[in-house]
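A.B. asks: Quick one, structure for this:
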Amino acid sequence: MTKVRKPIKERKEEIFWIIIDIISEHGFMCVSTVEIAKRLGVSQPAIYKYFPNKEEIIVYFLDNLKDILSEIVANAKKGKTTEEKLSLLYENHLELIERTKILPRVVFSDEIYIDGSKKRKKLKEVITSYKKKIKKIIEDGIKKGELKDLDPEIVVRMFLGSILSTSLDWMLNDMSYSLVKQKDKLMEYLKETIFIKEGQE
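C.D. replies: This next block holds a predicted model:
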C-alpha cells in the first residue's frame, strides 16, 4: 500500500509545533534538521523538501510566532477599556510562555544573533510588529484619558520588560508556580505607574 503524503502546509505546521517542543525541552540551539526528522519519523533529506536549510526553518518558525503574537493582540483588543486590554495582553502572553516555554529562549538565543543576519532581521520584524500593535493600545489609552501622558515607546518597553523579567524569575525557580497568576501583580504595578487615578488630571 502506498503511503499517503501529507500536504506541504500540514507538514510545515507539524514542523512548527515540533520546533516548539524541541525549544521547550532542550533550548533553541538544539533545533536541527536531524532532530526534526527524527520526531517526524522521516529521513533527514525529506526535511529539505520543505526547507532548503536550517536558517529557513528558523525564519519559518519566527513567521509563525509573529502570527501567534498578532492573535494575542487581536484578542486583547476585545477589551472595552485600556486596563482590560493590557490585562488580556499580560494573561495571553504569559499563558503562551507557560504553555510552550519558548519566548525567553528565542529572544535571547545565540542561534539568532551569531552568524544569522536573516534570522536576526526576522526576529526584529516579529518584535517590532508586536511592539507597534501594543503601542497603538497605549496611544489610544492616552487619548481616552485612561493613561498618563507618557512616551508610548517607553511604556511598551516597560510592559514587555516586565514580562521578560517575570518569565526569567519563573524559569530560574524551575517553573514551580503559575506564571499566568503573576498577571495581577503586574497589572497592579501598571496601575500605579501609567494609569490615571480618579481625581487626577
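A.B. asks: looking at this structure, which helix or strand does the model trust least?
C.D. replies: Using mean pLDDT, DSSP states H and E, the weakest-scoring helix or strand in the chain turns out to be helix 110-113, at a mean of 80.
A.B. asks: List the buried residues of that helix.
C.D. replies: Neighbour counts over helix 110-113 (16 or more other CB atoms under 10 Å) mark Glu111, Ile112 as buried. No exception for glycine: its C-beta is placed from N, CA and C like everyone else's.
A.B. asks: same for the helix or strand following that helix, what does it pack against?
C.D. replies: Moving toward the C-terminus from helix 110-113, the next helix or strand (DSSP states H and E) is helix 117-143. Helix 117-143 is packed against helix 54-76, helix 82-100, helix 103-107, helix 110-113, helix 152-172, with contacts defined by 3 or more CB pairs under 8 Å, 6 or more residues apart in numbering; DSSP states H and E.
A.B. asks: helices or strands up against the least confident helix or strand of the chain?
C.D. replies: Counting by 3+ CB pairs under 8 Å, 6+ apart, helix 110-113 packs on helix 117-143.
A.B. asks: buried ones in the helix it packs on?
C.D. replies: Buried-residue list, helix 117-143, by 16+ other CB under 10 Å: 119, 122-123, 126-127, 130-131, 133-135, 137-138, 141-142.
A.B. asks: so for that helix, what's the average pLDDT?
C.D. replies: For helix 117-143, mean pLDDT rounds to 95.
A.B. asks: Just give me how far that helix sits from the chain centre.
C.D. replies: On the basis of CA atoms, centre = their mean, to the nearest Å, helix 117-143 sits 11 Å off its chain's mean C-alpha point.
A.B. asks: try stretch 60-73
C.D. replies: Centre-to-centre, stretch 60-73 and its host chain are 7 Å apart (CA atoms, centre = their mean).
A.B. asks: Ignoring the adjacent residues along the chain, who's closest to Thr33?
C.D. replies: Leaving aside its chain neighbours, Thr33 sits nearest to Ile47 (4.6 Å; criterion: CB to CB, 6 or more residues apart in numbering).
A.B. asks: Tabulate the buried residues of helix 117-143 (TSV), appending distance to Lys181.
C.D. replies: As requested, the buried residues of helix 117-143 are exported to TSV (distance: CB to CB, whole Å):
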residue	distance to Lys181
Lys119	33
Lys122	32
Leu123	28
Val126	26
Ile127	25
Tyr130	23
Lys131	25
Lys133	25
Ile134	22
Lys135	27
Ile137	23
Ile138	24
Gly141	24
Ile142	29
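A.B. asks: Could you give the separation between the terminal residues of stretch 140-147?
C.D. replies: The first residue of stretch 140-147 is 9 Å away from its last residue (CA to CA, to the nearest Å).
A.B. asks: what's the spacing between Phe61 and Thr100?
C.D. replies: To Thr100, Phe61 is 12 Å away according to CB to CB, to the nearest Å.
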